[in-house]
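quick one: sequence plus predicted model below, questions after.
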Amino acid sequence: MKTAQGEAARGTSLSRPHLAMSSLILIPGLLCDERLWRNQVAVLESYADISVADITPQSTIAEMAAAILERADDRFSIAGFSLGSQVALQIMNMAKHRVERLALLSATHGGLLPTAQASIRHAIEMIEKGCFEQYLTEAYPTYFAVRGANDGAFRLTFVRMARAVGEAAGLRQMRALLAIRAAFSHLDQIDCPTVIIGGRDDRRTTPHAHRQLARAIPGSRLAMIDNAAHFTPIEQPGKVADILRDWITR
């Protein structure tokens, strides 16, 4: 795997010389980096040339999508988590003809649910007051299922990713999410193989929101994972990797 540090995803060849492997771009979520996908990359790198997008420099969803498209191969697949799912849907609006497969994790059909909007506005207030670490402490349990909320390794990954992304980029990402005012258009015109993955215990992007998104995209597959909330790639890494492997190899 290569990660694009300081720039958006770049198609990076990991294939054996005699194999032609498709390009897969993984898009992290709010205050996340390549560590979010560590376990999935370990499984999927045998099936695709993987790059992880850096969506920290930009200020809007459209800018994030454009930066990824500028550096992507002519044809590629996308898996986007949370904020990254919104970037992936923007890419589908801008250049769906270039996308071979689409995976949306912890996703809505456009923007934040009302409770999540309130949480993000509160987060912005805390960070602007210099309370970034306090925000991380308060936010962590709201993103994970009960078991995960008490898992020290999960917490450490969550905090290290957020610190690496940093306060300034985190604020840009939060404001970009709040700026999404409506569902993405043309969801019913997405015709590539699509999988939607959610945690049954997700309180920020609810199972109902996942079902609503799945209904909006014809032929999409909905996979709801037990014992997981918002951070399915971390909470249930093997299950997410298995679903994505099936999706990328079909």
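Now that the structure is in, tell me what you want to look at.

the residue nearest to Asp151 when sequence neighbours are not counted: how many residues sit nearby?
Leaving out its chain neighbours, the residue that sits closest to Asp151 by Cβ to Cβ, 6 or more residues apart in numbering is Phe144, at 7.5 Å. Every C-beta, even on glycine, is put in place using the N, C-alpha and C of the backbone. Counted by other Cβ atoms under 10 Å, the residues lying close to Phe144 total 24.

my guess is Phe144 contacts Phe231. True?
Yes: contact criterion Cβ atoms under 8 Å: Phe144 and Phe231 qualify, at 5.9 Å.

centre of the chain to the helix or strand Arg155 falls within, how far?
Element membership of Arg155, judged by DSSP states H and E, is helix 152-165. Computed by Cα atoms, centre = their mean, to the nearest Å, the separation of helix 152-165 from the middle of its chain amounts to 16 Å.

any idea of the mean pLDDT for it?
Average pLDDT, helix 152-165: 96.

could you point out which element follows that helix?
helix 167-178.

what does that next one contact?
30-31, 55-61, 64, 83, 86, 111-112, 117, 120-121, 123-124, 127-128, 132, 162, 165 (Cβ atoms under 8 Å, 6 or more residues apart in numbering).

let's see 6 Å
30-31, 56, 59-61, 83, 112, 120, 124, 127, 132 (Cβ atoms under 6 Å, 6 or more residues apart in numbering).

may I see the buried residues of that helix?
Within helix 167-178, the residues that qualify as buried by neighbour count (16 or more other Cβ atoms under 10 Å) are 169-174, 176-177.

for this protein, which segments count as strands?
With DSSP state E applied, the chain shows strands at 2-3, 22-27, 48-52, 76-81, 99-105, 194-199, 221-225, listed in chain order.

any chance of those in CSV with mean pLDDT as columns?
Below are these laid out as CSV (pLDDT from 0 to 100):
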stretch, mean pLDDT
strand 2-3, 42
strand 22-27, 97
strand 48-52, 98
strand 76-81, 98
strand 99-105, 98
strand 194-199, 98
strand 221-225, 98
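
how many neighbours does Asp202 have?
23.

before we move on, what about the one 3 residues further on?
Summarising burial for Thr205: neighbours were counted as other Cβ under 10 Å, giving 22.

shouldn't it be in contact with His109?
No: counting by Cβ atoms under 6 Å, Thr205 stays clear of His109, with 10.6 Å between them.

about what we covered before: most surrounded residue in the contacts of helix 167-178?
The most crowded member of the contacts of helix 167-178, judged by other Cβ under 10 Å, is Leu31 (27 neighbours).

mind listing what it touches?
Contacts of Leu31 (Cβ under 6 Å, 6+ apart): 162, 165, 170.

circling back to that earlier point, what sits up against the helix holding Arg155?
In this structure, residues lying in contact with helix 152-165 by Cβ under 6 Å, 6+ apart are 31-33, 35, 56, 136, 140, 148, 234.

flag every buried residue along it.
154-155, 157-158, 161-162, 165.

same deal with stretch 76-95?
76-93.

which strand residues bridge the closest residue to Trp37 other than its chain neighbours?
Spatially, and ignoring its direct neighbours in sequence, Trp37 is nearest to Leu26 (4.8 Å; Cβ to Cβ, 6+ apart). With DSSP bridges as the criterion, Leu26 is bridged to Val52, Ala79.
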